[in-house]
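Peer 1: Only the shape, not the letters, is given here:
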């Protein structure tokens, strides 16, 4: 095991009380962290989904793969969640117009595009486990930043 991941594994054991949800919580937390560090286009693009697939996805896969080598979680779910979170970031950065409004979703969810990009089951699950997800996402983000620093150091050698 990579020693850098010990604190992340310790946090998963501390934060996740229900083992049946462990894989999904870890996948969501890793996806959230990854979605925060991968690039967004500086201006709106014609097809954000296509941009994601051709420009962002390989980096998302690389980071998720790094975590999957150390922690067991649902990689397929992490990839889907990372895309959802990235699309929410994209929508917040490049609001073109107000999309369809889903009254049951709430004002702020509609404002940032949640009903467009995130299914109801994920919203409910993530709301139910938000403390663990955010705690682990913070740990994951710190690890990703360490990876980036190590890569920068390696590139300068």
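Peer 2: Done, it's in. The structure displayed is predicted, hence computed values, not measured ones.
Peer 1: what sits against the residue nearest to residue 60 when sequence neighbours are not counted?
Peer 2: Ranked by C-beta to C-beta, 6 or more residues apart in numbering and with sequence neighbours excluded, the top spatial neighbour of residue 60 is residue 82, at 4.9 Å. Any C-beta I mention is one placed from the backbone N, CA and C, and that applies to glycine too. Counting by C-beta atoms under 8 Å, 6 or more residues apart in numbering, residue 82 touches 30, 31, 32, 34, 35, 38, 60, 64.
Peer 1: Skipping adjacent residues, who's closest to the last one in space?
Peer 2: Same thing as residue 64. Nearest to residue 64 is residue 78, by C-beta to C-beta, 6+ apart, at 5.0 Å.
Peer 1: so how far is the longest helix along the chain from its chain's centroid?
Peer 2: Determined from DSSP state H, the single longest helix within the chain is helix 130-155. Averaged C-alpha coordinates place helix 130-155 at 11 Å from its chain's average position (C-alpha atoms, centre = their mean, to the nearest Å).
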